[in-house]
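> Here is the input, now give the coordinates:
(2 chains)
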Amino acid sequence: MSAVAGTTPENLPVEKQSLPDAVRGWWVGVRNGELGALPIVVGIVVIAIYFQSRNSHFLTAGNFVNLIAQASPVIVIGMGVVFVLLLGEIDLSIGYLSGMGGVVAATLLVPDSNQWSTAPALVAALGAGVAIGLLQGFWFAKVGVPSFVVTLAGLLAWNGVVLQVIGNQGTIVIQDKVINGLANDYMSNTLALAVLVVSVAGYVVQQLLWVRRRAKAGLPNVPWSLIGLRIVLLAGAGLFVVLWADTDRGIPYVGLLMLVLFVAWSFILNRTRFGRHVYAVGGNAEAARRAGINVDGIRIAVFAISGFMAALGGIILASRLSSVDTSTGGGSILLYSIAAAVIGGTSLFGGRGEIRSAVLGGVVIGMVANGLGLLNVAVGTQYVVTGIVLLAASTLDSLSRRRTARAGRT
Amino acid sequence: MSGQPLLELKGVFKRFGAVTALNGVDFHVDVGEVMALVGDNGAGKSTMIKTIAGIHPLDEGQILWEGKPVAIHGPKDSAALGIEVVYQDLALCDNLDVVQNMYLGRETLSSFRRLNKADMEKAAAGVLKELSVTTIQSTRQVVAGLSGGQRQSVAVAKAVLWNSKLVILDEPTAALGVAQTRQVLDLVKRLGEQGLAVILISHNMSDVFEVADSITVLRLGQNVAEFKTSATNQREVVEAITAGELHHVPGMQEEVIQ
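Next comes the predicted model:
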């Protein structure tokens, strides 16, 4: 191999990046359309200020604790939606699929001679969600029917199944302690603090390992000051949330569940081959196929994840209401879950988005619903406002995409 | 060099129904050689590339790799030999960054099946540096934000990353402006200097004469002429493209059979 004129490969320069440099780099990214979580965080602050100014009850610990449980079904189902949207697809069945999850669990736990114990009933409900997701994913990926149509058929069919199962009972009241406790029981202060300590410690360890790996590979690292700042912010925000909630009832168990789901799905999406391939299929399916990725397999798996999260969200919803009825899974749950992912910054065009979108978007939707409820505004107005927020968020996405594309045309 | 070609095609036929796309093609490329493959539309350039890449396995004839006969039945076979193709559409994911694209489908893992991001980033940066691709400032830039020339560089670097021995470039400069064409041509030259064999498909004669060591002319699925770039001129090559002498006249064999 002959040497290339003038360039002998040497060690890469390890830039010592300072905090101002990092901030400047981030700002350049924002101006090129890589907005990240910036708009949504600004939005949350604006919404909080508005409602607080209209009703001083909005920013109280009690209402904050309510908000966690209220937003949880949309956030959980929204996490599944993020996966589907990353592929550039849509899953319209998640509303009634969540209904199926709640109804299956509730029916199996009816205290009669056929009553199941809690764990198998939960597994059956979640399993039903996965099975339906696999079926719909198969129909889309292998049979080739567009996901919109497959899941629209699912929307109708699973709605019918919910009606059939509930039958003329009208309502099934849930008496199971575990399920009801999910959204209605609260963590003790000690447990919440322990979770916080473990989470922050985990984050610190992860950051240190990351810095060490990059240093070992001779790659530039973000400055220590920035890492320290992130850790302090995380710990501070976490401590504030725990202590604030504790002045009321504390954080409901569903808050812990959401934390676990958030960490697990973020790990899968960002640190595993599967997650990388989800992004690749969403970005350019043909390129993914040529790179040897099993595109159909990824698609089917993603719809299974969506089904699983929908069923889980349905169980949480049933827990909040302690019952299921014929309207379970209907109403706004489907559209709110999709809207949550989109408002949080996940693109409908595929390939762009993160799990945190569902959390942030779900919080926004929860805040709007909660705040307008406090102001005694009619449900119609609530839908209109949520619609405007959704439109604003996706407009921002389209504009930022255009901006990124323009940045490439140099 | 041993005098033995890295890749050699002998009497290769490829038919699509009644159409004979490759009509007994002979072809060879050596280590460290930039071989331009030229010909009119429908001459069989793309078919030949796809035959080598395993997308259209050949019907008749032989492929020799480092002197030994090999069977290429699919893209995996050709990749295993060390053949990488950069198609015209580049096959990059716009939403992924440079490193992620270069390792797409072949990500390296560390413990607990986690992606080994640091090592991938280091190796990707190393390849870009080796190829003197200086226009890409950060390997963590998303491809959507890159220019056409930069994308082409990423696609080529992706092909080189896998210790490939033969890189096939399909019209790499077709959609590029002057400055970006310059970047890509320099990159092609460096591939040859690094000891890789390169097959370059191009319609642009000035590009061909600038970077190629040799030129193979295809016409109607046959190899009608081979030139050393230093011993020919554009007029001769264009003449071969339009009127090179055929070994078999299409249609003749069928008449004989009748």
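> which SSE is the residue of the stretch 151-258 of chain B found nearest chain A in?
Closest approach between the stretch 151-258 of chain B and chain A, counting by CB to the nearest CB: residue B:195, at 4.3 Å. No exception for glycine: its C-beta is placed from N, CA and C like everyone else's. For residue B:195, there is no enclosing helix or strand under DSSP states H and E.
> Can you confirm whether the host helix or strand of residue A:197 lies near chain B?
Using DSSP H and E, residue A:197 falls within helix A:189-216. Yes. On the criterion CB under 8 Å from any CB of the partner chain, helix A:189-216 is in touch with chain B at A:213, A:214, A:216.
> of these, buried ones?
Buried members of these, counted by 16 or more other CB atoms under 10 Å in any protein chain shown: A:213, A:214.
> ok, back up a step: the residue of the stretch 151-258 of chain B closest to chain A reaches residue B:32, doesn't it?
Yes. Using CB atoms under 8 Å, residue B:195 is in contact with residue B:32, at 4.9 Å.
> Compare neighbour counts for these two and give me the winner.
Between residue B:195 and residue B:32, residue B:32 has the larger neighbour count (other CB atoms under 10 Å in any protein chain shown), namely 18 against 13.
> how close does the more buried one get to residue B:194?
According to CB to CB, to the nearest Å, residue B:32 and residue B:194 sit 8 Å apart.
> what does the stretch 151-258 of chain B put close to chain A?
So the stretch 151-258 of chain B meets chain A at B:190, B:193, B:194, B:195 (CB under 8 Å from any CB).
> any chance of these in a markdown table, plus distance to residue B:16?
A markdown table is the format used below for those (distance: CB to CB, whole Å):
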| residue | distance to residue B:16 |
| --- | --- |
| B:190 | 36 |
| B:193 | 38 |
| B:194 | 36 |
| B:195 | 36 |
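> And the buried ones among those residues, selectable in PyMOL?
Here is the PyMOL command that selects the buried residues among these (16+ other CB under 10 Å):
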select buried, chain B and resi 190+194
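> ok, which pair from the residues of the stretch 151-258 of chain B next to chain A is furthest apart?
B:190 and B:195 (10.6 Å; CB to CB).
> which regions of the chain lie under the pLDDT threshold?
You didn't pick a chain, so chain A it is. A:1-17, A:33-35, A:404-410 (pLDDT under 70).
> wrong one, chain B
Within chain B, the stretches with pLDDT under 70 are B:1-3, B:249-258.
> after the lengthiest helix in it, next one along is what?
Secondary structure of chain B per DSSP state H: the longest helix is helix B:178-193. Later in the chain than helix B:178-193, the nearest helix or strand by DSSP H and E is strand B:197-201.
> That following strand - which strands sit beside it in the sheet, and in what orientation?
Counting by DSSP bridges, the strands paired with strand B:197-201 are strand B:34-39 (parallel), strand B:166-170 (parallel).
> Tell me how chain A divides into domains.
A:52-185+A:274-393, A:186-251 (automatic domain parsing).
> start to end distance for the first one?
Domain A:52-185+A:274-393 has an end-to-end distance of 22 Å (criterion: CA to CA, to the nearest Å).
> anything in it near chain B?
Yes. Using CB under 8 Å from any CB, domain A:52-185+A:274-393 comes into contact with chain B via A:276-277, A:279-280, A:282-284, A:286-288, A:290-293, A:350-352.
> from the chain's centre, how far out does that domain sit?
10 Å (CA atoms, centre = their mean, to the nearest Å).
> any idea which helix or strand comes after the host helix or strand of residue A:138?
Following DSSP H and E, one finds residue A:138 within helix A:118-138. Next along the chain after helix A:118-138, taking DSSP H and E as the criterion, comes helix A:147-166.
> Which secondary structure state is assigned to the residue found closest to residue A:148 once you drop the neighbours it is linked to in the chain?
Excluding its sequence neighbours, the residue lying closest to residue A:148 (CB to CB, 6 or more residues apart in numbering or on different chains) is residue A:90, at 5.4 Å. For residue A:90, the assignment made with DSSP: H, G, I helix; E, B strand; the rest coil gives coil.
> What's the local residue count around residue A:90?
Neighbours around residue A:90, by other CB under 10 Å: 19.
> so what's it up against?
For residue A:90, the contacting residues are A:84, A:147, A:148, A:151, A:338, A:348, by CB atoms under 8 Å, 6 or more residues apart in numbering or on different chains.
> and residue A:52, what element?
helix A:38-54.
> helices and strands around that helix, which ones?
Packing contacts for helix A:38-54, counted by 3 or more CB pairs under 8 Å, 6 or more residues apart in numbering or on different chains; DSSP states H and E, involve helix A:355-374, helix A:379-408.
> would CSV of the ones you listed with mean neighbour count be doable?
What follows is those, written out as CSV (neighbours: other CB atoms under 10 Å in any protein chain shown):
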stretch, mean neighbour count
helix A:355-374, 24
helix A:379-408, 16
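> Any chance of TSV for these, columns distance to residue B:38?
What follows is the helices and strands packed on helix A:38-54, written out as TSV (distance: least, CB to CB, whole Å):
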stretch	distance to residue B:38
helix A:355-374	50
helix A:379-408	31
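> buried set for the helix holding residue A:138?
For helix A:118-138, burial by neighbour count (16+ other CB under 10 Å) applies to A:121-122, A:124-130, A:132-138.
> Please apply the same query to stretch A:50-68.
Applying 16+ other CB under 10 Å to stretch A:50-68 flags A:51, A:55, A:58, A:63, A:64, A:65, A:66, A:67, A:68 as buried.
> now swap in stretch B:17-35 and tell me
B:20-25, B:27-35.
> and these, which of them are in strands?
Judged by DSSP state E, strands contain the following of the buried residues of stretch B:17-35: B:20, B:21, B:22, B:23, B:24, B:25, B:27, B:28, B:29, B:34, B:35.
> of those residues, closest to residue A:249?
Nearest member of these to residue A:249, counting by CB to CB, is residue B:34, at 73.2 Å.
> separation between that closest one and chain A?
Between residue B:34 and chain A the computed distance is 13 Å (CB to the nearest CB, to the nearest Å).
> What residues are recorded as beta-bridge partners of the residue positioned nearest the centre of chain B?
The centroid of chain B falls nearest to residue B:168 when counting by CA atoms, centre = their mean (1.0 Å). Note on residue B:168: beta-bridge partners residue B:85, residue B:199, judged by DSSP bridges.
> still on that earlier bit, among the buried residues of helix A:118-138, which two are most distant?
Farthest-apart pair in those is A:121 and A:138; separation 26.0 Å (CB to CB).
> Out of the buried residues of stretch B:17-35, which comes closest to chain A?
residue B:32 (8.0 Å).
> Surely the closest one touches residue B:190?
No. Residue B:32 lies out of contact with residue B:190 (CB under 8 Å); the separation is 11.6 Å.
> Now the element after the helix holding residue A:52, going C-ward?
Tracing the chain past helix A:38-54, the next element assigned as helix or strand by DSSP H and E is helix A:61-86.
> What helices and strands are in contact with that following helix?
helix A:94-108, helix A:177-184, helix A:224-246, helix A:253-271, helix A:273-283, helix A:295-321, helix A:333-343, helix A:355-374.
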